[in-house]
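>>> A structural model of the following input is requested.
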Amino acid sequence: MTVVYLDRLNERQRQAVEHGVTPGAGATARPLLVIAGAGSGKTDTVAHRVAHLIVSGVDPHRILLMTFSRRAAAEMIRRVERIARRVIGERAQAIVGSLTWAGTFHGIGARLLREKAAEIGIDPAFTIHDRDDSADLLNMVRHDLGFSRTQERFPLKGTCLGIYSRCVNSGQPIEEIVPVHFPWCAAWGDELKELFGAYVEAKQRQNVLDYDDLILYWAQMMESSSLAAELSERFDHVMVDEYQDTNSLQASILLRLKPDGAGITVVGDDAQSIYSFRAATVRNILDFPGQFTPQARIVTLDQNYRSTQPILAAANGVIELAKERFTKNLWSDRSGGERPRLVTVPDEASQARYVVERVLENRETDVMLKQQAVLFRASHHSATLELELTRRNIPFVKFGGLKFLEAAHVKDLLALLRFVENPHDRVTGFRILLLLPGVGPKAAQAVMDRLSESHAPFDALADLEPPPRANCHWHDLLDVVHDLAAKEAAWPAQIARARAWYEPLLERRYDDAEIRKEDLLQLEEIAAGYPSRERFLTELTLDPPEATSDQAGSPLLDEDYLILSTIHSAKGQEWKSV
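Residues are numbered from 1 along each chain as shown. Purely as a prediction, here's the structure:
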C-alpha cells in the first residue's frame, strides 16, 4: 500500500506515525511516547497516526482518542478525514465518522458512567455540576453544618472546593494537601473532613456528579477486573494528548485499560506542564516509559515550525534548568528574527505604558493589532493595561476572563434546563426559585426540601402554595417546567420555550437586557448542534465555549483588535509579536 500521504512529514514525525502499524492488520505491541516540543506539528502528527491506523485496517470504533478539549478532538477528526480522503477518497467521511470514541477524559468518563451505571450502582440520569455549581452546593452544605457562622472565618467555598478537588485528583489525604497547598486552612482539618463527607452525601442524594467524580468513578470502575477487561478488549488503540497535564487518577485509568501498554500512544511535552494547580503531575509523562516491559519507545519532535531560532535558543536555555526532563533541543530553519527582550520597569503603570508603546510601534511597521498578543498569568493582572488601552482608544479582546457560561443570565437559563432534567438538584432549583419576585432564600430552601422528600417532585411543586407576591410568576414557572419535562417541543426548540419564560425576568433584573438576550440567542444556536437536551447539558458543562460574555458580542472579522490572554488560554496559539 502506498504511503505517499505521509511524505509531507519530517523523519521524526513519520517515525511516530508508523510506529508498530502493519498495513492490513494495524496491530501494535510496544507503547509509544511522543515528546512534542512547542510548535513541532504535534496535532498534525497525531492526526496522521490516527489516519494511518484507519487506512491500515484498524476499525475506528476500536480507537479511543482523548484530547484536552472537545474542540481539539473535533479538529483532530477533521484532519484525520482530510488525510484519509487522499488515500480512500469519498469513503473517508463515513469511515472516519465511526471514530466515535474521541473526546476529553471527562467526556469519555461521563459516557462510560452512564453506560455502566447499573453495574457500578449509580443512577444513569445524573446531572453534572460545573465548578461554580459545585462550589455553590459545597457552600450550602457548609452553611447547613454551621461552618459559615464560625467565630474565626472558615475557608471560602472556592478554597474548600480547591482542597477537595486536589485531594480527589491527587489521591492524597487532607493532612498532606492542606499544609503544602493551603497552609492558611491548617486549623480547619477536622471541619473540612466533615464538610467533604457531607458534600459527597449531598451529591448522592441529589443525583449530581461534579467534574472530579467523572474521573474518580471511572477510576473506581476500572478496579473491577471484569469491567477493566471488557473496556480493554473494546479498544485496540488508546491515544492520549497533552499527557503532561494529566493527574494520577487519569494515569491509573490508562494503565488499567492497557496494563501491558499494547496499543497505547501518549503525546506531550514535560516542558509544557502548566496545570499543576489542578493536581496535574508531570511525573506521569516522566515515568511513562519505565512503566512497561519492554519500555515504551520514545520519539522526540524537536523541529519547530512556529518560532525563529533566537526565540528557541532562549526557550532551550530555560528548559535546560529543569532538574529532570527529556532531552530535546528545539530548532528551526527560520534563523532570523529578534532576540527576546527582558525589560524591567519601576511599576505597573510604567509597564502598561511600555507595552502600549511597543504595540503601537509594531502597528506602525504593518503588524496588525490582531497579530499581537499580551499574555499574563492571571486574568486580573491585566487591569492596569486595560485602562491604558482604553485611554489610548486601542481596541482589544480578552481571553481567559469571564467565560460565556459564567455569565449570570446564561447560567439562569441553563439552570432551568438542568432543573427539569433533575429536580432534586438543589443548586439549580434554588437558583430558579430565587429568580421569582417574592421568593427569598428561606422560601426557596423550603420548596427544595419538599421536592427532595418526594418521588414525584414536579407534582409536589404543583401542589405547593406559592408566595403571594410570586403568584403569577409561580404559575408561569409551573407551565414551563411541565412543557419542558413533557418535551412538548422538540429539541432544540425547548431552548426557545425556556427563553420565552426567562426574558421577562431578565428585563426586570438587568439594564442591559437587550445585550444579554443576544447571548441567549447564541446559546440557542449552540444547542442546535446537539441531538438532545441531556447531551447538550453534559457536553456544554464539560467543555464550555471560550467566548467572553457580558460584552456586545465578539469583534467582527474585519475589525482590528489587540489580543489579551492568560497564558493558559494562549496555549497552542501563535502571533507575530508577543
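>>> Need the pLDDT of residue 23.
Residue 23 carries a pLDDT value of 64.
>>> just residue 367 next, same as before
On the pLDDT scale, residue 367 gets 92.
>>> same question, residue 546
54.
>>> do the one 4 residues further on as well
Note on residue 550: pLDDT of 30.
>>> Can you report how many residues lie near residue 190?
Around residue 190 there are 9 other residues, counting by other CB atoms under 10 Å. Placement of C-beta: from N, CA and C, glycine included.
>>> Phi and psi next, for it.
When read as degrees, to the nearest 10, the backbone of residue 190 gives phi -70, psi -40.
>>> which residues does it contact?
By CB atoms under 8 Å, 6 or more residues apart in numbering, the contact list for residue 190 is empty.
>>> ok, now with 10 Å
Residue 190 makes contact with residue 174, according to CB atoms under 10 Å, 6 or more residues apart in numbering.
>>> in the stretch 401-550 of the chain, what spans have low per-residue confidence?
401-403, 545-550 (pLDDT under 70).
>>> next one: the chain
In the predicted model, the chain carries pLDDT under 70 at residues 1-2, 23-29, 150-151, 400-403, 545-558.
>>> For it, identify the residue most remote from the centre.
No residue in the chain sits farther from the centre than residue 468, which is 42.5 Å out by CA atoms, centre = their mean.
>>> Relative to residue 478, how far out is that one?
Residue 468 sits 16 Å away from residue 478, going by CB to CB, to the nearest Å.
>>> Same question for residue 506.
19 Å.
>>> between the two, who's got more neighbours?
Neighbour totals were compared for residue 506 and residue 478, and residue 506 leads with 20 against 15 (other CB under 10 Å).
>>> show me the contacts for the more buried one.
408, 409, 412, 413, 435, 499, 512, 513, 514, 516, 517, 520.
>>> Can you pick out the most distant pair from those?
By the measure CB to CB, 435 and 514 form the most distant pair in the contacts of residue 506, at 18.6 Å.
>>> Look at residue 239 and give its secondary structure.
strand (DSSP: H, G, I helix; E, B strand; the rest coil).
>>> so it makes contact with residue 42?
No - look at residue 239 against residue 42 with CB atoms under 10 Å: they stay out of range, at 11.9 Å.
>>> Let me know the helix or strand that residue 82 is in.
Residue 82 is part of helix 70-88 when elements are defined by DSSP states H and E.
>>> Centre of the chain to that helix, how far?
Helix 70-88 sits 21 Å away from the centroid of its parent chain (CA atoms, centre = their mean, to the nearest Å).
>>> In which helix or strand does residue 285 reside?
Secondary-structure element containing residue 285, defined by DSSP H and E: helix 283-287.
>>> any idea how this structure splits into domains?
According to automatic domain parsing, the chain comprises the domains 4-109+219-302, 127-206, 304-335, 343-402+550-578, 405-539.
>>> Reformat those domains as JSON lines; add distance to residue 117.
Putting the domains of the chain into JSON lines (distance: least, CB to CB, whole Å) gives the following:
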{"stretch": "domain 4-109+219-302", "distance to residue 117": "10"}
{"stretch": "domain 127-206", "distance to residue 117": "13"}
{"stretch": "domain 304-335", "distance to residue 117": "40"}
{"stretch": "domain 343-402+550-578", "distance to residue 117": "33"}
{"stretch": "domain 405-539", "distance to residue 117": "13"}
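>>> Could you single out the most deeply buried of the ones you listed?
Comparing the domains of the chain by mean neighbour count (mean count of other CB atoms under 10 Å), domain 4-109+219-302 ranks first with a mean of 19.
>>> start to end distance for that one?
Its first and final residues considered, domain 4-109+219-302 spans 23 Å by CA to CA, to the nearest Å.
>>> got any residues that touch both of residue 239 and residue 42?
Residues touching both residue 239 and residue 42 (CB under 10 Å, 6+ apart) are 34, 267.
>>> So for residue 251, what's the nearest residue that isn't a sequence neighbour?
Distance criterion CB to CB, 6 or more residues apart in numbering; nearest residue to residue 251, sequence neighbours excluded, is residue 284 at 4.5 Å.
>>> cool, and residue 440?
Nearest non-adjacent residue to residue 440, counting by CB to CB, 6+ apart: residue 434, 7.5 Å away.
>>> Just to check, the one you found is in contact with residue 444?
Yes - in this structure, residue 434 is within contact of residue 444 by CB under 10 Å, at 5.5 Å.
>>> and residue 105, what does it touch?
Each residue near residue 105 by CB under 10 Å, 6+ apart is listed here: 66-68, 214-215, 218, 240, 246-247, 249-250, 253-254, 542.
>>> How about residue 131?
Here residue 131 is in contact with 158, 161, 162, 165, 210, 211, 212, 406, 541 (CB under 10 Å, 6+ apart).
>>> Just the ones of these in helices?
158, 161, 162, 165, 211, 212, 541 (DSSP state H).
>>> need the residues you listed in JSON lines with distance to residue 227, can you?
Output for the ones in helices among the contacts of residue 131, formatted as JSON lines (distance: CB to CB, whole Å):
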{"residue": "158", "distance to residue 227": "34"}
{"residue": "161", "distance to residue 227": "29"}
{"residue": "162", "distance to residue 227": "31"}
{"residue": "165", "distance to residue 227": "25"}
{"residue": "211", "distance to residue 227": "22"}
{"residue": "212", "distance to residue 227": "20"}
{"residue": "541", "distance to residue 227": "25"}
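>>> from these, which is closest to residue 352?
For those, the nearest to residue 352 is residue 158 (28.1 Å; CB to CB).
>>> Now do the end-to-end distance for stretch 256-276.
In terms of CA to CA, the two terminal residues of stretch 256-276 are separated by 23 Å.
>>> can you start the count at 867 instead of 1 from here on
Shifting the count to begin at 867 puts that one at stretch 1122-1142.
>>> Could you tell me which residues make contact with residue 1387?
Contacts for residue 1387 (CB under 10 Å, 6+ apart) come out as 1361, 1362, 1365.
>>> Quick one: the strands in the stretch 1017-1166 of the chain, in order.
Counting by DSSP state E, counting those that start in this stretch, one finds strands in the stretch 1017-1166 of the chain at the ranges 1074-1075, 1103-1106, 1130-1134, 1163-1167.
>>> among those strands, which is nearest residue 1400?
Between residue 1400 and these, the tightest spacing by CB to CB is seen for strand 1074-1075, at 13.4 Å.
>>> How far away from the center of its chain is the closest one?
Centre-to-centre, strand 1074-1075 and its host chain are 17 Å apart (CA atoms, centre = their mean).
>>> likewise stretch 1340-1356?
Distance, centroid of stretch 1340-1356 to centroid of chain: 31 Å (CA atoms, centre = their mean).
>>> Show me the contact partners of that stretch.
Contacts for stretch 1340-1356 (CB under 10 Å, 6+ apart): 1282-1283, 1285-1287, 1289, 1298-1299, 1301-1305, 1323-1324, 1327-1328, 1330-1334, 1336, 1359-1364, 1366-1368, 1370-1371, 1398-1399.
>>> Let's see that with 6 Å instead.
By CB atoms under 6 Å, 6 or more residues apart in numbering, the residues outside stretch 1340-1356 that reach it are 1286, 1324, 1328, 1332, 1360, 1363, 1367.
>>> May I have it as PDB, with CA atoms only?
The C-alpha trace of stretch 1340-1356 is given here as PDB (Å, rounded to 0.1, in the frame of the first residue of the first chain):
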ATOM      1  CA  TRP A1340     -45.100  30.900  40.000                       C
ATOM      2  CA  HIS A1341     -47.700  29.600  37.600                       C
ATOM      3  CA  ASP A1342     -45.600  30.600  34.700                       C
ATOM      4  CA  LEU A1343     -42.800  28.500  36.200                       C
ATOM      5  CA  LEU A1344     -45.100  25.500  36.600                       C
ATOM      6  CA  ASP A1345     -46.200  25.800  33.000                       C
ATOM      7  CA  VAL A1346     -42.600  26.000  31.600                       C
ATOM      8  CA  VAL A1347     -41.500  23.100  33.800                       C
ATOM      9  CA  HIS A1348     -44.400  21.000  32.700                       C
ATOM     10  CA  ASP A1349     -43.800  21.800  29.000                       C
ATOM     11  CA  LEU A1350     -40.000  21.000  29.200                       C
ATOM     12  CA  ALA A1351     -40.500  17.900  31.300                       C
ATOM     13  CA  ALA A1352     -43.100  16.500  29.000                       C
ATOM     14  CA  LYS A1353     -40.900  17.600  26.000                       C
ATOM     15  CA  GLU A1354     -43.900  19.400  24.400                       C
ATOM     16  CA  ALA A1355     -41.400  20.900  22.000                       C
ATOM     17  CA  ALA A1356     -38.700  19.000  20.200                       C
END
